[in-house]
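Student: Give me the fold of what follows.
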Amino acid sequence: MLFSFRILNIIKYSILWFTFIINATNAITIDNNEIMQDSTWVTTPLSISKGAGLVILNGIIHFFSNDVTNNGNLFVCQTETNLLSFGMTYVTFGNVFNYGTYILDDSLANTGANVAFSGGTFYNEGSFYINTKANSLFTSSQTISATNFVNKGLMWFTQSVKNGGGTLSLGDSSSITNNGTICVTNNAFTQSGTIVGSGCMTIGDGATITISSDTGGQTFYLAAASASFTILSVIKNPPIVMGLQSGSTIVFPFAPNSIKYDTTTGILTGSGLLPGQTQNVYVGTGFKSSDFALTGWFSSTVKYSGATAPRPAVCTPCGSFPVCDVPNNKVYSSVSNIFASSVSFDTAISSINVASSSSIASSSSSSLIITSSSAPSSSSSVTSRPTAFTSVATGTDSLGFKTSNTKL
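Tutor: Next comes the predicted model:
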């Protein structure tokens with residue numbers, strides 16, 4: 001707790017500008033390509049139209065206290081790295097509906113991030129990416145705690161440092177629905193509730209997944225030698241774990257005294273000494289019994305050492321993790337002249353307590369906080385931003401992303 005207060009004081013007196021959005025009466029709709037800079041607080045519903053985009057550059061605090069609907073591009077990017085590049089706190093309190101491309105990338109920060117989607121519904125039918133920083137000193141958490149979690153598209157959760165202690169949690173303790181593909185790298189993914197749907201979860205390099213409930217028709221693809229699948233308690237219906245790589249592991253909820261692979265059914269069975277200690281896992285056919293072995297006496301871990309198995313057909317390739325920045329083949333203009341302004345950090349924090357009121361009196365400083373439902377004219381005293389990004393770069397994909405070398 002003391003550490004948190006010290007960090008807050010450092011932030012308070014070191015960060016000079018805070019992009020602050022307040023609009024107490026109307027929802028915010030982005031119909032063009034817009035840029036915001038620094039930290040943000042959005043109090044009303046935010047909607048991004050198809051073909052439009054909102055890029056938020058840098059900032060350590062991003063709060064969205066109402067619903068967010070993205071039909072276009074929504075990027076929150078840390079593009080600067082310096083001594084004050086603290087990991088961001090990114091929180092949504094309302095429902096989130098993503099039909100476009102949604103990227104949150106804080107991988108250039110010096111400390112871990114706290115990412116929490118806390119609304120009741122999280123629905124993804126597009127492409128959704130999170131990349132944060134985790135290392136031995138600062139862990140990073142990625143959490144979507146929605147009671148109604150539905151994925152029908154592509155989602156990728158990663159940390160920028162392998163074995164950095166980053167954690168991932170999806171849904172509440174009851175269930176999530178996945179009929180798309182969820183990719184996980186450099187993350188410890190714990191899924192406590194049941195999984196509904198016939199989608200795929202790709203467990204890639206540096207990633208582990210731990211389950212304790214029924215996984216239904218979900219397919220788990222162990223896409224890297226370092227990938228691991230852990231079962232915390234005995235599950236009646238065999239989980240489907242396929243695409244094994246030499247070195248990938250399956251951890252049973254007890255220490256089996258024997259394991260058996262059935263070449264006809266494709267079932268791997270671990271059996272313990274006590275009653276009820278039997279766990280079946282479907283790994284598919286085409287393996288040999290000698291491909292599976294316990295890693296030691298009284299070990300609960302089975303290691304696969306055979307040839308690389310093919311990617312399951314149900315698993316969409318994760319592709320390349322996009323670089324979060326202003327797309328180079330699109331024209332973007334500053335959003336500052338519409339509904340955002342730069343205010344001092346002290347002024348912004350003192351205004352949070354009254355952000356829900358219909359109007360806020362101007363502070364004694366020269367900073368401007370916009371509260372009316374009408375947009376100010378371009379001549380109002382709002383800090384100006386770069387007006388356009390028009391350069392066209394090579395090596396961009398059809399969405400205008402600068403693609404990275406990370407593929408899965």
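Student: Does residue 256 touch residue 274 like I think?
Tutor: No: with contact defined as C-beta atoms under 8 Å, residue 256 does not reach residue 274; the gap is 11.1 Å. Using the backbone N, CA and C atoms, a C-beta is placed for each residue, glycine as well.
Student: which of these two has more neighbours?
Tutor: Just comparing residue 256 and residue 274: by other C-beta atoms under 10 Å the higher neighbour count belongs to residue 256, 22 against 9.
Student: Tell me how far the more buried one lies from residue 232.
Tutor: Going from residue 256 to residue 232 by C-beta to C-beta, to the nearest Å gives 15 Å.
Student: Please report how far the residue nearest the centre of the chain lies from residue 205.
Tutor: By C-alpha atoms, centre = their mean, the chain has its centre lying nearest to residue 130, at 3.3 Å. For residue 130, the distance to residue 205 (C-beta to C-beta) stands at 16 Å.
Student: Likewise for residue 119?
Tutor: Taking C-beta to C-beta, one finds residue 119 at 31 Å from residue 205.
Student: same check, this time on residue 74
Tutor: On the measure of C-beta to C-beta, residue 74 and residue 205 end up 27 Å apart.
Student: got it, and residue 87?
Tutor: 22 Å.
Student: In this structure, where is pLDDT below threshold?
Tutor: 1-25, 82-85, 134-137, 163-164, 327-408 (pLDDT under 70).
Student: Let's see that with 50 instead.
Tutor: Residue ranges of the chain with pLDDT under 50: 1-24, 335-406.
Student: Now do the end-to-end distance for stretch 195-207.
Tutor: 19 Å (C-alpha to C-alpha, to the nearest Å).
Student: The residue nearest to residue 181 when sequence neighbours are not counted in helix, strand or coil?
Tutor: Using C-beta to C-beta, 6 or more residues apart in numbering and skipping the chain neighbours, the partner closest in space to residue 181 is residue 316 (4.1 Å). At residue 316 the chain is in coil, as set by DSSP: H, G, I helix; E, B strand; the rest coil.
Student: Do a quick rundown of the helices in this structure.
Tutor: In the chain, the segments counted as helices under DSSP state H are 2-14, 336-339, 345-352.
Student: Which one's more surrounded, residue 74 and residue 205?
Tutor: residue 74 (25 against 17).
Student: ok, residue 305 - contacts?
Tutor: Contact analysis of residue 305 by C-beta atoms under 8 Å, 6 or more residues apart in numbering lists 246-247, 291-293.
Student: looking at it, residue 124 is touching residue 98, isn't it?
Tutor: Yes: using C-beta under 8 Å, residue 124 is in contact with residue 98, at 4.7 Å.
Student: intersection of neighbour lists for these two?
Tutor: What both residue 124 and residue 98 touch, as defined by C-beta under 8 Å, 6+ apart, is the set residue 153.
Student: surely residue 282 meets residue 240?
Tutor: Yes: between residue 282 and residue 240 there is a contact under C-beta under 8 Å: 4.9 Å.
Student: chain center to stretch 159-174, what's the gap?
Tutor: 9 Å (C-alpha atoms, centre = their mean, to the nearest Å).
Student: Contacts made by it with the rest, please.
Tutor: 107, 112, 131-136, 139-147, 149, 157, 176, 182, 184-194, 205-206.
Student: The residue nearest to residue 212 when sequence neighbours are not counted: neighbour count?
Tutor: Leaving aside its sequence neighbours, residue 212 sits nearest to residue 232 (C-beta to C-beta, 6+ apart; 3.9 Å). Using other C-beta under 10 Å, residue 232 has 15 other residues around it.
Student: Equivalent analysis for residue 71, please.
Tutor: Residue 71, neighbours per other C-beta under 10 Å, totals 18.
Student: what do you get for residue 282?
Tutor: 18.
Student: In contact with it: list those residues for me.
Tutor: 238-242, 265-268.
Student: 10 Å - rerun?
Tutor: 219-220, 237-242, 262, 265-268 (C-beta atoms under 10 Å, 6 or more residues apart in numbering).
Student: of those, closest to residue 93?
Tutor: residue 220 (31.2 Å; C-beta to C-beta).
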